[in-house]
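Novice: got a predicted model here, sequence first, then my questions.
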Amino acid sequence: MNTSVLKAENICKYYGGLKAVDKVSMEIEKGDIFGIIGPNGAGKTTFFNVCSGIDRPTAGKIFFCGEDITGMKPEKVAAKGMARTFQNIMLFRFMSVLENIKIGFHLQLKTGFVSAILRNKTYQNDEKFTLEKGREILAMIGLEKYANTLAGNLPYGIQRKVEIARALALDPKILLLDEPAAGMNPNETTSLSEFIIKLNDLGYTVAVIEHDMKFVMRTCKKILVLNFGQKICEGTPDIVKNNQQVREAYFGKGLIIGEKLHVEN
Ligand SMILES: Nc1ncnc2c1ncn2[C@@H]1O[C@H](COP(=O)(O)OP(=O)(O)OP(=O)(O)O)[C@@H](O)[C@H]1O
Ligand SMILES: [Mg+2]
């Protein structure tokens, strides 16, 4: 059985002379929690953008569940089951959590402009579907108590989870999360790590970009390290932690947040 969900083959993305992503290959399998790490400007977001169709690669190919999706429009890639969240929170602050989740279903709905104005049967069916499914998702991940709270009134850590919940409305085959722990306090970060592991236990395959090393080491099964657009290492947290090139490029003097590494000179 082929378990490959997302595969990148020699992906390059150049902006003029700048090699934002340079010949990066990787493969994410069903059931993975796949971490992508690297210093600021290493090319992590650009790589996600190429994978999800937002940017077209300068060279290389992207395969999603075995299908070549290189150059495909982002809406089409999303409809195939690749959901993602962005580095900045993108919630409607003055809408409730449930309303925000309902928006995540729009690609699956039949309601057009006319149906919405007439509030006809199609609209009513879609309303019922999104309401039920939205509640289901919130219950599945333990956020149902926030269903009617305005998104903007929630603590930051919960807002991040609501964003992820909205991505689940796509019924995704993979979730791409771009720095979900950025700006979180240590308690929120721990809770987010548990949340992602729970999603994975529920059957979701996850790819996550993150800066917080402790978070990545604790959460991910496999890690890809980028530096100046290039892959410098890929493997389990142990392999990455002990890779000399990674330590030099990323950990600087060998200090992982909250954890000392012994670095030989
Ligand atoms: N649209 C663009 N035009 C020109 N250069 C770009 C564009 N997008 C990204 N870059 C450049 O490509 C490089 C990689 O950027 P990218 O945002 O992918 O890095 P990142 O690893 O996500 O960094 P961060 O950790 O800060 O989010 C950077 O040098 C950036 O300035
Ligand atoms: Mg980024």
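Specialist: That came in fine, so what should we check first? Ligands and ions are numbered 1, 2, ... in the order given.

Novice: quick one: contacts for the residue nearest to residue 189 when sequence neighbours are not counted?
Specialist: Distances taken as CB to CB, 6 or more residues apart in numbering place residue 181 nearest to residue 189, at 4.8 Å, with adjacent residues excluded. (Glycine included, C-beta is placed from N, CA and C.) Applying CB atoms under 8 Å, 6 or more residues apart in numbering, we find residue 181 in contact with 160, 188-189, 192-193, 210-212, 215.

Novice: for ligand 2, see how far away residue 181 is.
Specialist: For residue 181, the distance to ligand 2 equals 13 Å [CB to the ion, to the nearest Å].

Novice: so that residue, which of the three states?
Specialist: Under DSSP: H, G, I helix; E, B strand; the rest coil, the three-state class of residue 181 is coil.

Novice: likewise for residue 57?
Specialist: Residue 57 ends up coil, using three-state DSSP.

Novice: surely it touches residue 72?
Specialist: No - here residue 57 lies out of contact with residue 72, judged by CB atoms under 8 Å, at a distance of 11.5 Å.

Novice: who has more neighbours, these two?
Specialist: Taking neighbours as other CB atoms under 10 Å, residue 57 and residue 72 compare with residue 57 leading, 23 against 18.

Novice: residues in contact with the more buried one?
Specialist: Residue 57 neighbours (CB under 8 Å, 6+ apart): 11-13, 21, 50, 70-71.

Novice: neighbour count and distance to residue 92 for the contacts of residue 181 - can I get that in a markdown table?
Specialist: Shown next, in a markdown table, are the contacts of residue 181 (neighbours: other CB atoms under 10 Å; distance: CB to CB, whole Å):
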| residue | neighbour count | distance to residue 92 |
| --- | --- | --- |
| 160 | 25 | 15 |
| 188 | 18 | 21 |
| 189 | 21 | 25 |
| 192 | 23 | 21 |
| 193 | 23 | 26 |
| 210 | 26 | 25 |
| 211 | 16 | 27 |
| 212 | 22 | 27 |
| 215 | 23 | 27 |
